[in-house]
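Novice: Sequence plus the predicted model coming up.
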Amino acid sequence: MRTGLSLLLVLVCLAFGAGIAHAQVWEMWVHSNGEITKFRTSEIDSITFVLADTTHPATPTIVANALDGHTVRLSWTAVGDDDMSGTVAAHDLRYATSSGVAFESMTPVVLPPPQPPGSAESIDVPLDPGLTYSFVLRVTDESGNSATSNEATAATPPTGPTHIVIAEVYGGGGQGSGTYDNDFIVLYNPTSVAQSLNNYSVQFAPAGSTGWQFVGLGGKTIAPHGYFLIQLGGGSGGVPMPTPDHVMPGNLTTAQGKVALLSNTAQISSLCPPPASPQLVDLMSYGIGGCFEGSGPAPQLSSFLSAIRMDQGCRDMNDNATDFIAGPPTPRNSATPAHICP
């Protein structure tokens, strides 16, 4: 903010106030941009003093909250150009993956224009999972005065699951236009230790059915960061699958169905397994149906599309609709190279 003052009025008031009865010659020296200029008042009609703006914006306070493994939301209340008055000229939000980093070395975030003081402001910042981030906000007025916020931190959780998951489901095996000659289910072990499948079972059924088919997995083991291929029934269409790690009878429904992984061998007899059951390790539904995790099922499938868990099996946000995509079948077995989740 700037304030103007007429020099001519000040000089007149000084002359009359001093009771001066004879002519006076007043001179003035003006320093501007490194140069000094001399004037006589007879040469000047008026002059305006521009006083420097030394009032800084108020200091903003920011709050950081991780929404999921990929997003942190930053929130703050807008401050003013002069303390809490007027809208600041610019604001600059930055982040780093460690605390105490110089502001100029941090990564900037693109922000919308500043809002009037007192307004609630926020932005969702896309980031990598499994890291702790530090955030700082700096606000600046039109004269270059600035204020820097507190350093707020938030940790994005790793997106990788901590238990065996259903990594892929394919129900189009053996059909005339099918890619492979058998249906299959792929399991994935995201942990760094071998996982025993002793007493585990995989069970599957059409979307609206209570008639679950049962696949016992015996005493098999999944290697650390490894895959496990279960071959089911099929037909004459399609190419042969890679060597399976386990073979069982039964067919998945092609377009719409549900699959559950349990840590026991009790066959499901209801429409859906109890969601709070400690024996329910993983659950997915594709096409339609109510037996899904999160907001909805995985996409509908076909004889040349399977449901594939994203990030090579690592994405597990407990939402079938976003954890899985439909894509060409990729039957991965224990010979597939191990994959370590980020």
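Specialist: Received, thanks. Numbers count the residues shown, from 1 in each chain.
Novice: G219: neighbour count?
Specialist: For G219, the neighbour count with other CB atoms under 10 Å is 9. The C-beta positions use only the backbone N, C-alpha and C, and glycine is treated the same way.
Novice: if I look at it, how far off is V72?
Specialist: According to CB to CB, to the nearest Å, G219 and V72 sit 44 Å apart.
Novice: Check T243 too.
Specialist: For T243, the distance to V72 (CB to CB) stands at 44 Å.
Novice: Looking at these two now, which is surrounded by more residues?
Specialist: Using other CB under 10 Å as the criterion, T243 and V72 rank with V72 on top: 23 against 12.
Novice: OK, contacts around that one?
Specialist: By CB atoms under 8 Å, 6 or more residues apart in numbering, the contact list for V72 reads 64-66, 124-125, 127, 133, 135, 154, 156.
Novice: do the same with T87
Specialist: By CB under 8 Å, 6+ apart, the residues touching T87 are 78, 80-81, 114-117.
Novice: are any of the residues you listed buried, and which?
Specialist: Buried by 16 or more other CB atoms under 10 Å: 78, 80-81, 114, 117, out of the contacts of T87.
Novice: how about the nearest residue to N333, chain neighbours excluded?
Specialist: In space, and not counting its chain neighbours, N333 is closest to L229: 3.7 Å by CB to CB, 6 or more residues apart in numbering.
Novice: List phi and psi for N320.
Specialist: Backbone torsions for N320, taken as degrees, to the nearest 10, come to phi -60, psi -30.
Novice: same deal with S75?
Specialist: phi -130, psi 150.
Novice: Let me know how buried it is, in neighbour terms.
Specialist: S75: 14 neighbours (other CB under 10 Å).
Novice: any idea how far the closest residue to it other than its chain neighbours is from P224?
Specialist: Nearest residue to S75, sequence neighbours excluded (CB to CB, 6+ apart): S122, at 4.2 Å. As for S122, its distance to P224 is 40 Å (criterion: CB to CB).
Novice: Point out the other helices and strands that the helix or strand that D183 is a member of packs with.
Specialist: If you go by DSSP states H and E, D183 is part of strand 182-188. With contacts taken as 3 or more CB pairs under 8 Å, 6 or more residues apart in numbering; DSSP states H and E, strand 182-188 sits against strand 165-170, strand 201-206, strand 227-234.
Novice: Using CSV, lay out the ones you listed together with distance to G287.
Specialist: Shown next, in CSV, are the helices and strands packed on strand 182-188 (distance: least, CB to CB, whole Å):
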stretch, distance to G287
strand 165-170, 11
strand 201-206, 10
strand 227-234, 17
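Novice: could those go into a markdown table alongside distance to G144 and mean pLDDT?
Specialist: Output for the helices and strands packed on strand 182-188, formatted as a markdown table (distance: least, CB to CB, whole Å; pLDDT from 0 to 100):
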| stretch | distance to G144 | mean pLDDT |
| --- | --- | --- |
| strand 165-170 | 54 | 98 |
| strand 201-206 | 65 | 96 |
| strand 227-234 | 58 | 96 |
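Novice: deepest of these, which one?
Specialist: strand 165-170 (a mean of 26; mean count of other CB atoms under 10 Å).
Novice: Check the offset of it from the chain's centre.
Specialist: Relative to its parent chain, strand 165-170 has a centroid offset of 24 Å by CA atoms, centre = their mean, to the nearest Å.
Novice: Same check on stretch 184-191?
Specialist: Distance of stretch 184-191 from its chain centroid, counting by CA atoms, centre = their mean, is 25 Å.
Novice: cool, stretch 86-102 as well?
Specialist: Using CA atoms, centre = their mean, the distance from the centre of stretch 86-102 to the centre of the chain it belongs to is 19 Å.
Novice: what mean pLDDT does that stretch have?
Specialist: Mean per-residue pLDDT for stretch 86-102: 96.
Novice: first vs last residue of that stretch, how far apart are they?
Specialist: Length of stretch 86-102, first residue to last, CA to CA, to the nearest Å: 28 Å.
Novice: For A326, which non-adjacent residue is spatially closest?
Specialist: Nearest residue to A326 in three dimensions, chain neighbours excluded: P299, at 4.0 Å (CB to CB, 6+ apart).
Novice: My guess is D53 contacts G86. True?
Specialist: No. Between D53 and G86 there is no contact under CB atoms under 8 Å: 10.6 Å.
Novice: any idea which residue sits dead centre in this structure?
Specialist: T71 (2.0 Å; CA atoms, centre = their mean).
Novice: who's the residue lying closest to that one once chain neighbours are set aside bridged to?
Specialist: Using CB to CB, 6+ apart and skipping residues adjacent in sequence, the residue nearest T71 is D124, 5.2 Å away. Note on D124: beta-bridge partners R73, judged by DSSP bridges.
Novice: Surely D124 touches D68?
Specialist: No. D124 lies out of contact with D68 (CB under 8 Å); the separation is 10.2 Å.
Novice: related to what we said a few turns ago, tell me how far the residue nearest to T71 lies from A64.
Specialist: For D124, the distance to A64 - CB to CB - is 11 Å.
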